[in-house]
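> turn this into a structure:
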Amino acid sequence: MEQQIPVNDTTQDQPEKSSSTFDELPEPLREISQMATEAFREFQQSDTYEKILETKDKARDYIKENPVNSFFYALGAGAILGFILKRNK
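Sure, this is the predicted structure:
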């Protein structure tokens, strides 16, 4: 027996985004947005970005290969951070 899952089409409820939204921003915000976008594009082309992606893949592989150890490392780190950030009442 197949079970059907209702799907809500939310595209009708959302207003259409136009390219004029960017034009409606004040000039200083538009300049900051353009500078941030350009800086991020340059960062994506750097060696540091590639190293971050490689490290992320290594961490994902380690977690898949050692799930129990990863759980206890995360538990310990959470406990330590909890003690450090605990508010004194």
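
> can we go C-alpha only for contacts and neighbour counts from here?
OK.

> helix, strand or coil for Pro28?
Secondary structure for Pro28, judged by DSSP: H, G, I helix; E, B strand; the rest coil, is helix.

> and for it, the neighbour number?
If you count neighbours by other CA atoms under 10 Å, Pro28 ends up with 9.

> roughly how far does it sit from Gln34?
Plainly put, Pro28 is 10 Å away from Gln34 if you go by CA to CA, to the nearest Å.

> what's the answer for Gly76, then?
Using CA to CA, Gly76 is found at 41 Å from Gln34.

> Asp23 now?
To Gln34, Asp23 is 12 Å away according to CA to CA.

> go on, Lys56?
Distance of Lys56 to Gln34, given as CA to CA: 28 Å.

> now Glu42
Glu42 sits 12 Å away from Gln34, going by CA to CA.

> what does Pro26 give?
13 Å.

> these two: which is more packed in?
Neighbour totals were compared for Pro26 and Gln34, and Gln34 leads with 12 against 9 (other CA under 10 Å).

> quick check, pLDDT for the more buried one.
Per-residue confidence (pLDDT) for Gln34: 91.

> where does it sit: helix, strand or coil?
Three-state call for Gln34 (three-state DSSP): helix.

> ok, Arg87 next?
Counting by three-state DSSP, the backbone at Arg87 sits in coil.

> for Asp57, same thing?
Under three-state DSSP, Asp57 comes out as helix.

> burial check on it, number of neighbours?
Asp57: 12 surrounding residues under other CA under 10 Å.

> state the distance from it to Ala39.
Separation of Asp57 from Ala39 (CA to CA) stands at 24 Å.
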